[in-house]
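Chemist: sequence and predicted structure below; questions after.
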Amino acid sequence: MLDTLRYVAHETDVRLEVTTLPIPGRNDIDTEVAELASWIANMNAEATRLPAEIAGDGRFVVDPEPPGYLRLHEAGELRIRAEAARDLLAPCRVCQRPCRGVDRLADEVGACRIGRYAHVASAFPHLGEEEVLRGWRGSGAVFFSGCNLRCVFCQNADISQRAAGPELSPGELAAVMLALQAEGCHNINLVTPEHVVPQVLEALPIAAEAGLTLPLVYNTSAYDALDSLALLDGVVDVYMPDIKLFDPWLTRSYLGVHDYGEVARQAVAAMHAQVGDLIVDRHGIARGGLVVRHLVMPGLGAASQAIVRWLAELSTDTFVNVMDQYRPDWKVLTTERYPELRDRVTRAEVDAVLTAARDAGLWRFDRRRRPV
């Protein structure tokens, strides 16, 4: 019986209670009930054993509710959002990149290199994401091809700078989401979706009608248009922007757009206004809120420190993953134009950013790679 209840408790979000009835001729039942009651008490107290940066004092732990897009779908609002998003394709103003005159409804392509329908390079249960996303069954990552940035250090340039993978209709994209749910993933993780918001919104009513119930994670480079984010209000459960740089000279040189910093600040503030700080279930799996990534780069420690100080101004309860896995890639390696980015980031550089973040008041950090 205990093995069965352990499975139920871990694979669902029910709170267990025990009620006993006397059984004639069973004098040993008290021992079994005591063992069962003790185990249930430990299971129900699991939230109190979550790391402090995830659970806090318990105020970030919630009982799971259905994802917001299901409520919108039941009200008929989700299809209305999809229609409004479709209008953004002609001329295209889905993201912040000004592709004037590009009619993606006619399958024309702009900076993102994606036309009418989304291309998906891969989709699988991702076990390399933040702990609050991957859990023990993985985050259902859907890697969209194309990108509205030109990061010279991009580690995924083989899919971000071309239309890699098959073109998927809304029904086919919905099927991808449902397949990830069937594999047991904790969430649907939309990777680089800022240029395919209409395509995602077209797929969601189909997926919801067919039984999709997983939280939706919006995993973005943060170069998002506010109009698109407004259409995602109440649709996305977890926003996960990867904030790169703020300084206009650096963003023009390394990302290909001069206004990235201003756009990212506005976009992330809008995301936080929609979903607030990260909240989790009693297993520590994200159910809503903001998770911010930032990749520390060689020689750019001051730029990173400016970002974490801004995040503290947004909310000192912001959950942050200060990433140390920078490696030179793409144009940094294939051209001679960026010698300053050919080094690896040092531990001292990463620690300095973490110190600045703590000094600014941030305290909720992803701890996969180092104790904080």
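Modeler: In hand now; what should we look at?
Chemist: any weak-confidence spans in the stretch 1-150 of the chain?
Modeler: Residues of the stretch 1-150 of the chain that meet the criterion pLDDT under 70 lie in 1-48.
Chemist: if I look at residue 244, how far off is residue 212?
Modeler: 31 Å (Cβ to Cβ, to the nearest Å). Bear in mind the C-beta positions are built from the backbone N, C-alpha and C, glycine included.
Chemist: let me fix that, I meant to ask about residue 76.
Modeler: Computed with Cβ to Cβ, the distance linking residue 76 and residue 212 is 17 Å.
Chemist: and for residue 127?
Modeler: To residue 212, residue 127 is 21 Å away according to Cβ to Cβ.
Chemist: between these two, point out the one with more neighbours.
Modeler: Taking residue 127 and residue 212 together and counting by other Cβ atoms under 10 Å, residue 212 has the greater number of neighbours (22 against 13).
Chemist: how about that one, what does it touch?
Modeler: Contacts for residue 212 were tallied using Cβ atoms under 8 Å, 6 or more residues apart in numbering; they are 174, 177, 178, 181, 188, 204.
Chemist: and the strands in the protein?
Modeler: Across the chain, reading from the start of the chain, the strands by DSSP state E fall at 118-126, 139-144, 167-168, 188-191, 216-220, 238-241, 279-280, 286-295, 319-323, 364-365.
Chemist: hmm, who's touching the last one?
Modeler: The contact list for strand 364-365, computed with Cβ under 8 Å, 6+ apart, reads 53-54, 56, 277-278, 317-322, 354, 357, 372.
Chemist: columns neighbour count on top of those residues, output as a markdown table?
Modeler: What follows is those, written out as a markdown table (neighbours: other Cβ atoms under 10 Å):
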| residue | neighbour count |
| --- | --- |
| 53 | 19 |
| 54 | 22 |
| 56 | 18 |
| 277 | 19 |
| 278 | 26 |
| 317 | 19 |
| 318 | 25 |
| 319 | 27 |
| 320 | 26 |
| 321 | 21 |
| 322 | 24 |
| 354 | 20 |
| 357 | 26 |
| 372 | 16 |
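Chemist: list just the nearest of the residues you listed to residue 164.
Modeler: Using Cβ to Cβ, residue 321 is the member of the contacts of strand 364-365 that lies nearest residue 164, at 25.6 Å.
Chemist: dig out what residue 290 forms beta bridges with.
Modeler: Listed by DSSP bridges, the beta-bridge partners for residue 290 are residue 239, residue 277.
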